[in-house]
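Asks: I need the structure of the sequence given here:
(one chain, ligands or ions: 1)
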Amino acid sequence: MPDQAQFLWGAATAPHQIEGNNVNSDWWAREGSMPGMERSGDAIDSYHRFDQDMRLLADAGLNAYRFGIEWARIEPVPGRFSIAELAHYRRMIDTALGLGLTPVVTLHHFTAPQWFAQEGGWLGENAVEHFARYVERATEILGGVDWVVTMNEPNMLAMMVTMERALRSAPADSWQSPTVDNDPRPTLPPPDPEIGRILVDAHEAARKIVRARTGAKVGWTVANRAFVARPGGGEKLRELEHIWEDLYLEASRGDDFVGVQSYSSQWVGPDGIEPHPQHPDNTLVGTAYRPDALGIAVRHTWEVTGGVPILVTENGIATADDERRIAYTGEALRHLFQAADDGVDVRGYLHWSALDNYEWGHWEPTFGLIAVDRETFERHPKPSLAWLGDVARAGRP
Ligand code: FCB
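Replies: Modelled structure (predicted):
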């Protein structure tokens with residue numbers, strides 16, 4: 001049974017997806033050069049409206065907000081740190097604390113400064129040192145923060161770096177989103193474990209700094225594919241689990257918590273991941289409607305990490321139908337609490353996402369508890385926000 005008084009009930013965002021005009025980042029540059037990619041532009045202007053966004057969550061009854069610090073804003077030029085931008089993120093932390101929201105702060109969520117990308121990105125010679133230098137400065141503003149995520153989904157990041165490396169020799173004619181399945185669905189390339197190991201080094205370097213300089217619990221968040229084997233697919237399943245998840249979950253063993261991020265599930269046959277077919281129930285990112293994935297994800301994470309406390313740092317559904325979001329989330333939470341009742345140490349549930357936002361090249365898939373008018377930036381809470389707040393007050397689904 002989770003500790004109800006301490007349990008985090010909240011929602012999550014990432015800086016590049018909500019802030020707007022993240023002009024010094026590698027993603028901003030990519031948006032301008034890749035055919036088929038929509039631009040983030042002003043995003044939903046949360047850079048200026050974070051106070052209102054957090055207030056909506058707190059007023060609904062939630063007690064936590066996961067957001068990120070944007071490296072490209074803090075260090076737009078190598079070694080030159082912006083004191084004003086550090087102060088901006090400190091204001092965000094203070095605002096959250098003032099509203100009774102526990103801040104869960106992500107230091108890296110897919111994006112990096114453009115100069116870092118130009119130096120080779122995560123394949124560059126000094127990648128880990130560069131990241132560590134940024135983390136050192138970022139920790140200066142983390143007083144009073146109890147939860148720090150070093151990196152978001154290193155497994156998906158490794159896959160993106162793998163893809164980008166391949167593009168250098170064979171440029172693509174259109175953008176393949178990491179989170180949106182196009183039709184016909186190309187399978188994402190498996191992340192190269194060599195790249196994964198660089199990210200493990202970066203995580204370990206950051207963890208050391210966060211531990212030395214703050215009082216926060218530190219961990220990273222891993223995208224969970226909730227692979228399930230078809231008859232005869234057991235061996236392939238173990239191979240794919242290692243490449244996609246376990247390499248990263250094993251690196252969590254020395255952490256204070258591990259973030260579980262779960263959306264859907266995938267079948268694995270003897271030949272690999274089964275391409276997911278068209279289906280009327282599919283979500284707006286083309287994945288199967290599988291609220292049970294969260295239960296599979298937390299149980300697998302618990303087993304591989306050998307009992308590291310779990311924070312669900314992302315779970316949600318891309319849908320235009322908010323009733324469906326409520327149905328999905330209610331079901332996912334029941335699977336989560338069943339796992340908790342079976343002894344998995346679950347510390348909180350952060351829904352993806354607080355607001356409809358820029359889904360890495362696409363605006364159509366809407367994951368938010370709050371809708372946003374992209375012309376006026378007006379916020380319109382959906383019924384799911386009040387619903388999740390009620391669940392939070394009750395302490396269980
Ligand atoms: C995850 C990302 C998050 C968002 C959701 C839908 O992979 O961490 O930024 O794109 O998927």
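Asks: Contact residues of the chain facing the ligand?
Replies: Within reach of the ligand by CB under 6 Å from any ligand atom, the chain has these residues: 14, 17, 152-153, 156, 179, 223, 261, 314, 352, 359-360, 367. From N, CA and C alone the C-beta is placed, and that goes for glycine too.
Asks: burial count for residue 116?
Replies: Applying other CB atoms under 10 Å, we find 24 residues neighbouring residue 116.
Asks: Apart from its chain neighbours, what residue comes closest to it?
Replies: Take residue 116 and drop its neighbours on the chain: the residue closest to it by CB to CB, 6 or more residues apart in numbering is residue 130, 5.9 Å away.
Asks: Looks to me like that neighbour is in a strand.
Replies: No - the assignment for residue 130 (DSSP: H, G, I helix; E, B strand; the rest coil) gives helix, which keeps it out of a strand.
Asks: what's the distance between residue 1 and the ligand?
Replies: Separation of residue 1 from the ligand (CB to the nearest ligand atom, to the nearest Å) stands at 29 Å.
Asks: Pretty sure that residue sits against residue 339.
Replies: No - here residue 1 does not reach residue 339: they are 11.6 Å apart, not a contact under CB atoms under 8 Å.
Asks: could you pull out the strands for the stretch 201-350 of the chain?
Replies: Using DSSP state E, counting those that start in this stretch, the strands of the stretch 201-350 of the chain run over 217-224, 227-229, 258-262, 266-269, 272-273, 310-315, 346-352.
Asks: What pairs with the longest one, parallel or antiparallel?
Replies: Strand 217-224 has its sheet partners listed here by DSSP bridges as strand 147-152 (parallel), strand 258-262 (parallel).
Asks: what would the residues of the chain next to the ligand look like in a markdown table with neighbour count and pLDDT?
Replies: What follows is the residues of the chain next to the ligand, written out as a markdown table (neighbours: other CB atoms under 10 Å; pLDDT from 0 to 100):
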| residue | neighbour count | pLDDT |
| --- | --- | --- |
| 14 | 23 | 99 |
| 17 | 25 | 98 |
| 152 | 25 | 98 |
| 153 | 26 | 98 |
| 156 | 22 | 97 |
| 179 | 20 | 74 |
| 223 | 23 | 98 |
| 261 | 23 | 98 |
| 314 | 24 | 98 |
| 352 | 23 | 98 |
| 359 | 22 | 97 |
| 360 | 24 | 96 |
| 367 | 27 | 98 |
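Asks: Return the member of those nearest to residue 85.
Replies: The shortest separation between residue 85 and any of the residues of the chain next to the ligand is 16.3 Å, and it belongs to residue 14 (by CB to CB).
Asks: contacting residues around the spatially most central residue of the chain?
Replies: By CA atoms, centre = their mean, the mean C-alpha position of the chain lies nearest to residue 152, the distance being 5.0 Å. Contacts of residue 152 were listed using CB atoms under 8 Å, 6 or more residues apart in numbering, and they are 14, 68, 106, 108-110, 220-221, 259, 261, 313.
Asks: gap between it and residue 219?
Replies: Counting by CB to CB, to the nearest Å, the separation of residue 152 from residue 219 is 11 Å.
Asks: If we ignore the residues flanking it in sequence, what's nearest residue 365?
Replies: Take residue 365 and drop its neighbours on the chain: the residue closest to it by CB to CB, 6+ apart is residue 318, 3.7 Å away.
Asks: ugh, typo on my part, it should be residue 214
Replies: What sits nearest to residue 214 in space, not counting adjacent residues and going by CB to CB, 6+ apart, is residue 142, at 4.6 Å.
Asks: Between residue 1 and residue 339, which has more neighbouring residues?
Replies: The residue with more neighbours, out of residue 1 and residue 339 and counting by other CB under 10 Å, is residue 339; that gives 20 against 9.
Asks: which is the next helix or strand following the helix or strand that contains residue 31?
Replies: Under the assignment given by DSSP states H and E, the secondary-structure element containing residue 31 is helix 26-33. On the C-terminal side of helix 26-33, the nearest following helix or strand under DSSP H and E is helix 46-60.
Asks: The following helix or strand past that following helix to strand 147-152, inter-axis angle?
Replies: On the C-terminal side of helix 46-60, the nearest following helix or strand under DSSP H and E is strand 64-68. Note on geometry: by axes from the mean of the first three to the mean of the last three CA atoms, to 10 degrees, strand 64-68 and strand 147-152 are set 40 degrees apart in direction.
Asks: which residues does whichever residue of the stretch 1-150 of the chain sits closest to the ligand contact?
Replies: The ligand sits closest to residue 14 of the stretch 1-150 of the chain, with a gap of 4.6 Å, by CB to the nearest ligand atom. Listed by CB under 8 Å, 6+ apart, the contact partners of residue 14 are 67-68, 106, 109-110, 152, 357.
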